[in-house]
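Colleague: Sharing a model prediction with you, sequence too.
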Amino acid sequence: MTSDAGGGTRLSFLGHPVPPSFDVRMVTIPAGSSLAFDEHAWRDAIVVLEAGELEVECLHGGRRSFAVGAMMWLAGLELKTLHSTGTEAVVLTAVSRRTDP
């Protein structure tokens, strides 16, 4: 957990250990840039928006915006692109079950 600007707490995986049966992956999208969505890369992952402003674009053109602290499940969605729309880079952490024995 991390403190937010309002004095509350929010989920964060940065700098926090996870059990050995899980993997943590960090994805950064530079400010003003986009990342093509790859369904396989997000399978089985809980995703937290650690920094920046994220906009997800659906295959059919719709878009949704997320702010720091948003927790998401991106697998199984018809997404096309992840956009970093703010002035700072988007930082996402994805926690998933380890696949190796």
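Modeller: Sure, I can see it. Residues are numbered from 1 along each chain as shown.
Colleague: all helices of the chain, in order?
Modeller: 39-42 (DSSP state H).
Colleague: got any ranges where the chain has weak pLDDT?
Modeller: The chain contains residues with pLDDT under 70 at 1-11, 13, 101.
Colleague: Now with 80, please.
Modeller: Along the chain, segments meeting pLDDT under 80 span 1-19, 99-101.
Colleague: And the residue nearest the centre of it?
Modeller: By C-alpha atoms, centre = their mean, the mean C-alpha position of the chain lies nearest to L92, the distance being 3.5 Å.
Colleague: in the sheet, who's paired with that residue?
Modeller: Using DSSP bridges, the beta-bridge partners of L92 come out as V27, L49.
Colleague: what's the neighbour count on the residue lying closest to R64 once chain neighbours are set aside?
Modeller: Distance criterion C-beta to C-beta, 6 or more residues apart in numbering; nearest residue to R64, sequence neighbours excluded, is V56 at 5.4 Å. Quick note: C-beta positions are derived from backbone N, CA and C, even for glycine. Using other C-beta atoms under 10 Å, V56 has 18 neighbouring residues.
Colleague: for V56, what are its contacts?
Modeller: If you count contacts by C-beta atoms under 8 Å, 6 or more residues apart in numbering, V56 has them with 37, 63-64, 66, 74, 77, 79, 81-83.
Colleague: where along this structure do the strands fall?
Modeller: Secondary structure of the chain by DSSP state E: the strands cover 2-3, 9-10, 22-29, 34-36, 45-51, 54-58, 63-66, 71-72, 79-84, 90-97.
Colleague: residues of the last one that come out buried?
Modeller: Of the residues in strand 90-97, those scored as buried under the neighbour-count criterion (16 or more other C-beta atoms under 10 Å) are 90-96.
Colleague: Distance check, the residue nearest to R64 against D38.
Modeller: Going from V56 to D38 by C-beta to C-beta, to the nearest Å gives 13 Å.
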